[in-house]
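**Student:** Coordinates only, no sequence provided:
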């Protein structure tokens, strides 16, 4: 994740299986959006989403964190279990699946994030300072 610039509201996001592969490929313009809060086991949890892409059909990563002052350095990554009736299938492309989950409104996305926040997180997204090249 990199800052696109101080006058822009988005960041550039890339991913790769290996750190060295991050040097190539085009990043996606992405937005980090706070969705609100929810109570989970009597604790307040902030819900966030990382929206990758800026056109219909963007990909969303559901995130949560305990509210805290200062810079955000970590998020829990939440499940994305597609609600019943929202899965869409297209023709397969050889061995590639074309199934996707259609969440059609902000309200639906927030509802899904609230449900997923009540489940154990899949993992943790944590800030790591740049690593010096070996």
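**Tutor:** Cool, the structure landed. Computed from a prediction, not measured in an experiment: that's the story for all the values here.
**Student:** All the strands of the chain, in order from the start?
**Tutor:** In the chain, the strands defined using DSSP state E lie at 2-3, 11-13, 28-40, 43-52, 59-65, 74-77, 87-88, 100-101, 123-126.
**Student:** if you compare these, which one is most tucked away?
**Tutor:** Mean neighbours per residue, mean count of other CB atoms under 10 Å, is largest over those for strand 59-65, with a mean of 20. C-betas here are computed from N, CA, C, even on glycine.
**Student:** Would you mind naming the residues that bridge with the spatially most central residue of the chain?
**Tutor:** Nearest to the geometric centre of the chain sits residue 61, at 1.9 Å (CA atoms, centre = their mean). With DSSP bridges as the criterion, residue 61 is bridged to residue 50.
**Student:** could we number from 235 for the rest of this?
**Tutor:** Noted, 235 is the first residue going forward, which turns the last one into residue 295.
**Student:** Run me through the strand neighbours of the helix or strand of the chain with the lowest mean pLDDT, direction for each.
**Tutor:** Least confident helix or strand, the chain: strand 236-237 with a mean of 80, by mean pLDDT, DSSP states H and E. Here strand 236-237 is paired, per DSSP bridges, with strand 245-247 (antiparallel).
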